[in-house]
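>>> Kindly generate the corresponding structure for this input.
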Amino acid sequence: MGAGHHHGHDHTHGANKKTLIISFIIITVFMIIEVIGGILTNSLALLADAGHMLSDSISLLIALIAFILGERAANHAKTYGYKRFEILAAILNGVTLLAVSLFIFYEAFQRLFDPPEVASSGMLIIAVIGLLVNILVAFTMLRGGDTKDNLNMRAAFLHVLGDLLGSVGAIAAALLMIFFQWTWADTVASVLVAVLILISGWRVTKDSVHILMEGAPLNVDLKEIVRTIENVDGIKGIHDLHVWSITSGQNALSCHIIVDGNMMVEESQLLLRTVESELGHKGIGHVTIQVETDTHPHEDSILCHADYEIGAEHHHGHSH
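This next block holds a predicted model:
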């Protein structure tokens, strides 16, 4: 079972990497075109979209580096390998988005009082090309990458979707300026893009911080996990339960289970296999379980308190 799962993981990993390389090249080339176009046409909406594309490009590059580093084997210093780098990358990505959005808000505020002349037809052409490029990249990522479970891929995909909407905004603004001479349309479109960037930046940052804080994975129901373990025949109780994510899509669990004191070693091994198998179906791949007999003194609490069973006096002394 484990080998098949690992093979599947490698397969999506390779597909993610290939998708990221293709997306990175397309986005970066067009981002440069959009920056030049934004400067030449004097359009803040285009520059805002280019700013989003720059953070896109950075996010794709970071995601790519994270995948490459994540492939490095675990060692004595880093026992989980470099998989957490992916989460650090996602945080950096989220913070970059927040900074870009604040910069666009500032620029838009300046322009509200003094709207510059915008070459709207040039802006329209570049925005239409931008829309087509984003549709192509979004399609590539949906087809080739794991945008559902992998936080890094999802972050990169959210950027691209934001870009796509940004291009739509720039097209709408260009059309309004061409047909109605509404010079403020460019500024309004750039603010809308900034709001999109702000929202996706906040979400990515929040999810990444949750993982770094060892929070319970968002796709795991803790009560359901407890029920699953307690429903296995032979288990009398469970305590000191921890569930966390190593990186996107890789969840880990550790707990103490209480079994009958008369249980044979073979029986307890079989019990552990059953629990591991059940938890595997619930999306938890790394399972560490300490078996205790019902003659062993234990706490009633399922979750771990500040005072651990081992070293409680030490902890008490420390807090004292």
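>>> which stretch of helix or strand covers Leu54?
Assigned by DSSP states H and E, Leu54 belongs to helix 44-70.
>>> Name the residues of that helix that come out as buried.
Under the neighbour-count criterion of 16 or more other CB atoms under 10 Å, helix 44-70 has 44-64, 66-67, 69-70 buried. In short, each C-beta sits where N, CA and C put it, glycine included.
>>> On the three-state scheme, the nearest residue to Ser59 once chain neighbours are set aside is what?
For Ser59, ignoring the flanking residues on the chain, the nearest one in space by CB to CB, 6 or more residues apart in numbering is Asn93 at 4.2 Å. Here Asn93 is recorded as helix under DSSP: H, G, I helix; E, B strand; the rest coil.
>>> Relative to Ile126, how far out is Ala90?
Distance of Ala90 to Ile126, computed by CB to CB, to the nearest Å: 30 Å.
>>> If you count surrounding residues, which of the two has more?
Ala90 (30 against 26; other CB atoms under 10 Å).
>>> ok, Ile22 touching Thr140?
Yes. The pair Ile22 and Thr140 passes the contact test of CB atoms under 8 Å, sitting 5.7 Å apart.
>>> Would you pull up how far the helix or strand hosting Glu276 lies from the middle of the chain?
Per DSSP H and E: Glu276 is located in helix 265-281. Centroid displacement of helix 265-281 relative to its chain, using CA atoms, centre = their mean, to the nearest Å, is 31 Å.
>>> Show me which parts of that helix are buried, residue by residue.
Of the residues in helix 265-281, those buried (16+ other CB under 10 Å) are 268, 271-272, 275-276, 278-279.
>>> Please name every helix or strand in contact with that helix.
Packing partners of helix 265-281 (3 or more CB pairs under 8 Å, 6 or more residues apart in numbering; DSSP states H and E): helix 222-230, strand 250-259, strand 284-293.
>>> Let me have these in JSON lines, extended by mean neighbour count, mean pLDDT and distance to Phe113.
Shown next, in JSON lines, are these (neighbours: other CB atoms under 10 Å; pLDDT from 0 to 100; distance: least, CB to CB, whole Å):
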{"stretch": "helix 222-230", "mean neighbour count": "14", "mean pLDDT": "89", "distance to Phe113": "52"}
{"stretch": "strand 250-259", "mean neighbour count": "20", "mean pLDDT": "89", "distance to Phe113": "51"}
{"stretch": "strand 284-293", "mean neighbour count": "16", "mean pLDDT": "87", "distance to Phe113": "56"}
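>>> ok, and the closest non-adjacent residue to Gly144?
Thr19 (3.7 Å).
>>> give the contact list for the one you found.
Going by CB atoms under 8 Å, 6 or more residues apart in numbering, Thr19 touches 140-141, 143-145, 153.
>>> what angle sits between whatever helix or strand it lives in and strand 250-259?
Element membership for Thr19 (DSSP H and E) is helix 2-41. Counting by axes from the mean of the first three to the mean of the last three CA atoms, to 10 degrees, helix 2-41 lies at 150 degrees to strand 250-259.
>>> Same question for helix 2-41: list its buried residues.
Neighbour-count burial for helix 2-41 [16+ other CB under 10 Å]: 12, 16-17, 19-20, 22-24, 26-28, 30-31, 33-35, 37-38, 41.
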